[in-house]
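Novice: Generate coordinates for the sequence data below:
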Amino acid sequence: MSESSGLLLTEAILAEMREHVERLCPEEACGLLGGLEGRVSVVIPVSNELHSPLRFRMDPREMLAAFKRIEQTGEELVGIYHSHPKGPAVPSPTDQAEFAYPGTIYLIWSPTSQGDWQVRGFSLDGGIIQEAPLAIMDSNL
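Specialist: As a prediction, the model looks like this:
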């Protein structure tokens, strides 16, 4: 799966993101995803320097360290994730206006009516919002 068409994630990668999102709720959690050709291999949580339930801004020092970590492993940025603790699981106007990484998939976590969390992926390239498929594979593969 290429990064422009969606992301390939393992159950372990999803669990790592979900744990981060749940732990920081009601604050918006955020982080970067490293990998190759749309296959996520690493989740790097980054502090939300706004500590807000409605907005996020990644801590610049942590973000730079995350980019260096991804680059040192020979991988690339394939995704960015954050949570909408009060919903909905779609990019907000602020998300759209501040999106700065074409070719990456934007994952948004939000709570469901049953109290669990859902995640959806989006491509925001060129100001056009398109849902991006998230393929889940067994962590042992």
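Novice: Centre-most residue in the protein?
Specialist: In the chain, the centroid-proximal residue (C-alpha atoms, centre = their mean) is residue 81; its distance is 1.5 Å.
Novice: Quick one: residues in contact with the lowest-mean-pLDDT helix or strand in the chain.
Specialist: In the chain, no helix or strand scores lower on mean pLDDT, DSSP states H and E than helix 93-98, which sits at a mean of 91. Applying C-beta atoms under 8 Å, 6 or more residues apart in numbering, the external contacts of helix 93-98 come out as 55, 82, 106, 108, 124, 127, 129. For glycine as for every other residue, the C-beta is placed from the backbone atoms N, C-alpha and C.
Novice: Now the second one: which helix or strand?
Specialist: Meaning residue 82. In this structure, residue 82 is located in strand 76-83 according to DSSP states H and E.
Novice: So which elements touch that strand?
Specialist: Secondary-structure packing of strand 76-83 (3 or more C-beta pairs under 8 Å, 6 or more residues apart in numbering; DSSP states H and E): helix 11-24, strand 30-36, strand 39-46, helix 60-72, strand 105-111, strand 117-123.
Novice: Tell me which other helices or strands the last one touches.
Specialist: Going back to what we said before, that points to strand 117-123. Contacts defined by 3+ C-beta pairs under 8 Å, 6+ apart place strand 117-123 against helix 11-24, strand 76-83, strand 105-111, strand 130-132, strand 134-137.
Novice: now swap in the second one and tell me
Specialist: Strand 30-36 makes packing contacts with helix 11-24, strand 39-46, helix 60-72, strand 76-83 when contacts are defined by 3+ C-beta pairs under 8 Å, 6+ apart.
Novice: One more: the fifth one?
Specialist: Based on contacts counted as 3+ C-beta pairs under 8 Å, 6+ apart, the elements that strand 105-111 packs against are helix 11-24, strand 76-83, strand 117-123.
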